[in-house]
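**Q** Give me coordinates for this.
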Amino acid sequence: MTVRIEEVIGRNLRQIREGNGLSQTDLGRAMAEHLGKPWSRQAVSAAEKGRRFFTAADLLALARVLDVSIPRFFMLTDWRDEGNVELAEGISMPTPEYRDRILHEVDARGSAQLMTTADLQELGAALIKMRENHAKAGVALAGLEVDLVYAAKAVKLADEHAAATLAERLRAQQAD
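**A** The predicted structure is shown next:
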């Protein structure tokens, strides 16, 4: 299967834009700060569908607005695909070579370093989010433990010691 480079960029643009919670109109307006004029909603839509050619300035502006590295726009959905990436009408390169040019140190060390930095930033952000969620879950669990003790006392199904033992088991499971 052959995919046009503009389609690759467009799919990634849409995914990143939606991940940032921006509408096409919002993205278009934000482009004005970096390019001197906004993109219309229709221009953003055309770009996301791979129906627009991108200049270096376009890609840099998009990267700044969406807070991603430029190589992020060139990522394929499935790197195992053995098709081709069309660079221009009638000119394409095999997916494995494209993958090497995007992901590996083929022509300059800076390329791979950019990808590594971007990956580390994404992983760091995900880790922070997981820690926040874990802390929220811990607070909620502590509240449930208190509720359990009071419920056990209220219905007289177990004494305070049995309820505390159950709460301790819950904490141990959480630690695992």
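**Q** Any stretches of the chain with poor pLDDT?
**A** For the chain, residues meeting the criterion pLDDT under 70 lie at 78-81, 103-121, 123, 148-163, 166, 174, 176.
**Q** which stretches of it form helices?
**A** With DSSP state H as the criterion, the chain has helices at 5-19, 24-35, 41-48, 56-66, 95-103, 109-155, 160-175.
**Q** Report all helices and strands that the second one contacts.
**A** With contacts taken as 3 or more CB pairs under 8 Å, 6 or more residues apart in numbering; DSSP states H and E, helix 24-35 sits against helix 41-48, helix 56-66. (C-beta placed from N, C-alpha, C; glycine too.)
**Q** TSV please, covering those and showing mean neighbour count.
**A** Below are the helices and strands packed on helix 24-35 laid out as TSV (neighbours: other CB atoms under 10 Å):
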stretch	mean neighbour count
helix 41-48	18
helix 56-66	17
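**Q** Those helices into a markdown table, with extra columns for distance to Asn84?
**A** Below are the helices and strands packed on helix 24-35 laid out as a markdown table (distance: least, CB to CB, whole Å):
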| stretch | distance to Asn84 |
| --- | --- |
| helix 41-48 | 22 |
| helix 56-66 | 21 |
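**Q** Could you say which one of those helices comes nearest to Leu13?
**A** Closest to Leu13 of the helices and strands packed on helix 24-35, according to CB to CB: helix 41-48, at 5.4 Å.
**Q** tell me the angle the closest one makes with helix 56-66.
**A** 100 degrees (axes from the mean of the first three to the mean of the last three CA atoms, to 10 degrees).
**Q** neighbouring contacts of stretch 3-10?
**A** 47-54, 59, 73-76, 83-87 (CB atoms under 8 Å, 6 or more residues apart in numbering).
**Q** and with 10 Å instead?
**A** Contact partners of stretch 3-10, identified using CB atoms under 10 Å, 6 or more residues apart in numbering, comprise 11, 13, 44-54, 58-59, 62, 70, 72-77, 81, 83-89, 92-93, 95, 98, 102.
**Q** May I have that stretch exported as CSV, CA atoms only?
**A** The C-alpha coordinates for stretch 3-10 follow below in CSV (Å, rounded to 0.1, in the frame of the first residue of the first chain):
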residue,chain,number,x,y,z
VAL,A,3,0.4,6.4,1.4
ARG,A,4,1.2,10.1,0.5
ILE,A,5,3.4,11.9,2.9
GLU,A,6,0.8,14.6,3.2
GLU,A,7,-1.7,12.0,4.4
VAL,A,8,0.8,10.8,7.1
ILE,A,9,1.3,14.3,8.3
GLY,A,10,-2.5,15.0,8.2
